[in-house]
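Student: what's the 3D shape of this:
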Amino acid sequence: MSGYTITRSAFIPAPPEAVFPLVNSFREWRKWSPWEGVDPDLQRTYSGPESGVGATYAWSGNRKAGAGSMQILDAHEPTSVRIRLIFLKPFRAVNPTGFTFEPERGGTRVTWAMRGENKGLAKLFAMVMDMDKLVGKDFEKGLANLAKAVEQNR
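Tutor: Presented below is the predicted three-dimensional model:
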C-alpha cells in the first residue's frame, strides 16, 4: 500500500469558536500538540501572520522530533483548517493535513486527518510499521490535550 490516511476524532465540550483558535495559530499548538515533549531543545520558527492562511511554523529537533514545516493553506472560522505539512527528517514527505470542527449537542466534534504516500525509505518503514497505529496514537493524545487546553482557556 503506497498511500494512507490517518483520521481521529474526539468530542470536546465547548463550542467550535472556543476550539478553532487553538488550531488556527501554530503558536497555540504548544498548549496541546502531542509532540511537544519529544525534544526539550526543539528549535521553532514562526513566520507569516500570527494565525490563519499563510501562518507558518518550522521546527528542527532531535531524532524523535525530526525537522519540517507546516503552513495553513485554508481556514474557515470556526469550521475547518487545512495545512500543508512537510517533513524533512527523518523522512522527506508532504502530508496534507486538516481539522474540522462540527457542532454537536453540548460541544464540538473535532476531526484530525492526514494523508500521505509511502515512498523511498518511508515505504520500507511502512512494511514493518502500521502508520495508522503509530500516528493515530499521537492524534488521540493531541485531541485529548486540545480538550484540556480549551478548558484551561475558558
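
Student: the helices in this structure, which residues?
Tutor: 16-24, 121-128, 131-153 (DSSP state H).

Student: Go through the helices and strands of the protein and name the one with the lowest mean pLDDT.
Tutor: In the chain, no helix or strand scores lower on mean pLDDT, DSSP states H and E than helix 121-128, which sits at a mean of 53.

Student: coming back round to it: so can I have TSV of the helices of the chain showing distance to E77 and mean neighbour count?
Tutor: C-beta here means a position set from N, CA and C on the backbone, and glycine is covered the same way. TSV is the format used below for the helices of the chain (distance: least, C-beta to C-beta, whole Å; neighbours: other C-beta atoms under 10 Å):
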stretch	distance to E77	mean neighbour count
helix 16-24	6	20
helix 121-128	34	13
helix 131-153	15	16
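
Student: now the strands for this protein?
Tutor: When assigned using DSSP state E, the strands of the chain occupy the ranges 3-12, 43-47, 56-60, 67-76, 80-89, 93-104, 107-117.

Student: confidence score at the residue of the chain most remote from its centre?
Tutor: Note on the chain: the largest C-alpha distance from the chain mean falls to R105, namely 24.8 Å (C-alpha atoms, centre = their mean). pLDDT for R105: 97.

Student: Number of residues surrounding M114?
Tutor: Neighbour count for M114, taken as other C-beta atoms under 10 Å: 19.

Student: quick one: contacts for it?
Tutor: Contacts for M114 (C-beta atoms under 8 Å, 6 or more residues apart in numbering) come out as T5, I6, T7, L85, N95, P96, T97, G98, V135, F139.

Student: cool, P49 as well?
Tutor: Counting by C-beta under 8 Å, 6+ apart, P49 has contacts A55.
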